[in-house]
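*Asks:* structure for this input, please:
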Amino acid sequence: MGWRDRGVEVKAPEQVASMRAAGLVVCRTLEVLRGAVRPGVTTRELNEIADDAIRTAGAVPSFLGYQGYPASICTSVNDEVVHGIPGDRELREGDLLSIDCGAIVDGWHGDAAVTVPVGEVGEDLLTLVADTEAALWAGIAAARVGGRVGDISAAVEGRLREEGRYGIVEDYTGHGIGTAMHQPPDVPNVGRPGRGARLVPGLALAVEPMVTLGGHETEVLADEWTVVTADGSWAAHVEHTFALTERGAWVLTAPDGGEERLSALGMPYGGD
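*Replies:* All right, here's what the predicted structure looks like:
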């Protein structure tokens, strides 16, 4: 009861299974979008592809209409960190595109993001994306029953600090997720272990590192949505939704539930 008093939603196993259905819609939609990214395609066209994929799967886009947001996905290009609005912008060779996607199935949300190179990109950008993904998985692997949200934050930050050259965005964070897309607790990408909300079975979180090749400061454009780096440096954003079970983490937006990546990190798989 105390958890619910603080606004943290703890799910029963059958509710986590329902979230898995939403998570699979999201991951399959992102795979379709990954295949559609190429020079010359507009971000509006990608949004149309995503909206059709989500609805064809029997789900509803989480983002469309959320606090007035006008699209079914977020498309953030180059120095845009998050919340970019799809439009007439044509992607160009060498761009870096972050796609954030959410879907609702039977009232339950899934949320994930990928960063995709457009054609051939520089080695520094490929390394940025790989390191951001590694930090995401380090954060998820740090989640254990009885631990704290700060354990996840510290693992994300620690993995990125090992490289010593990235800006880690602090103004935007991961979050709890379930019957609403954004719920307590926040999941920062910097922090100290042993701090924050306790990790319990049935807690579902979206972990989403936002990492730049420069500083961590951000600004919001005149559209009141698009977040860009203050120094113009390019950024990557990746995200997964996972639920914590008695056995470990179950990554609801990964096709295999996260089993391969978690096993490679020596961590138990909490799915199925």
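*Asks:* could you use CA atoms for every contact and neighbour count after this?
*Replies:* OK.
*Asks:* got a list of what the closest residue to R92 other than its chain neighbours touches?
*Replies:* Nearest non-adjacent residue to R92, counting by Cα to Cα, 6 or more residues apart in numbering: P39, 4.6 Å away. With contact set as Cα atoms under 8 Å, 6 or more residues apart in numbering, P39 has these partners: 90-93, 118-119.
*Asks:* what is the burial count for the nearest residue to A135 once chain neighbours are set aside?
*Replies:* In space, and not counting its chain neighbours, A135 is closest to V156: 4.7 Å by Cα to Cα, 6+ apart. A count of neighbours around V156, defined by other Cα atoms under 10 Å, yields 30.
*Asks:* tell me the pLDDT of the residue nearest to R92.
*Replies:* In this prediction, P39 carries a pLDDT score of 98.
*Asks:* give me the low-pLDDT residue ranges for this structure?
*Replies:* Along the chain, the parts satisfying pLDDT under 70 run over 1-6.
*Asks:* any quick PyMOL command for the buried ones out of the contacts of P39?
*Replies:* Buried residues among the contacts of P39 (16 or more other Cα atoms under 10 Å), as a PyMOL selection:
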select buried, resi 91+92+118
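*Asks:* the residue nearest to A135: which element?
*Replies:* Taking DSSP states H and E as the definition, V156 sits inside helix 149-161.
*Asks:* for the next helix or strand after that helix, packing partners?
*Replies:* For helix 149-161, the succeeding helix or strand toward the C-terminus, using DSSP H and E, is strand 167-168. Counting by 3 or more Cα pairs under 8 Å, 6 or more residues apart in numbering; DSSP states H and E, the packing neighbours recorded for strand 167-168 are strand 210-212.
*Asks:* give me the phi and psi for the residue most central in space within the chain.
*Replies:* The centroid of the chain falls nearest to E239 when counting by Cα atoms, centre = their mean (1.9 Å). Main-chain dihedrals, E239, degrees, to the nearest 10: phi -160, psi 140.
*Asks:* that one against G102, yeah?
*Replies:* No - using Cα atoms under 8 Å, E239 is not in contact with G102; the gap is 10.8 Å.
*Asks:* next, the buried residues of stretch 149-169.
*Replies:* Using 16+ other Cα under 10 Å as the burial criterion, the residues of stretch 149-169 that qualify are 149-160, 166-169.
*Asks:* element containing the closest residue to L160 other than its chain neighbours?
*Replies:* Using Cα to Cα, 6+ apart and skipping the chain neighbours, the partner closest in space to L160 is A135 (6.2 Å). Element membership of A135, judged by DSSP H and E, is helix 123-141.
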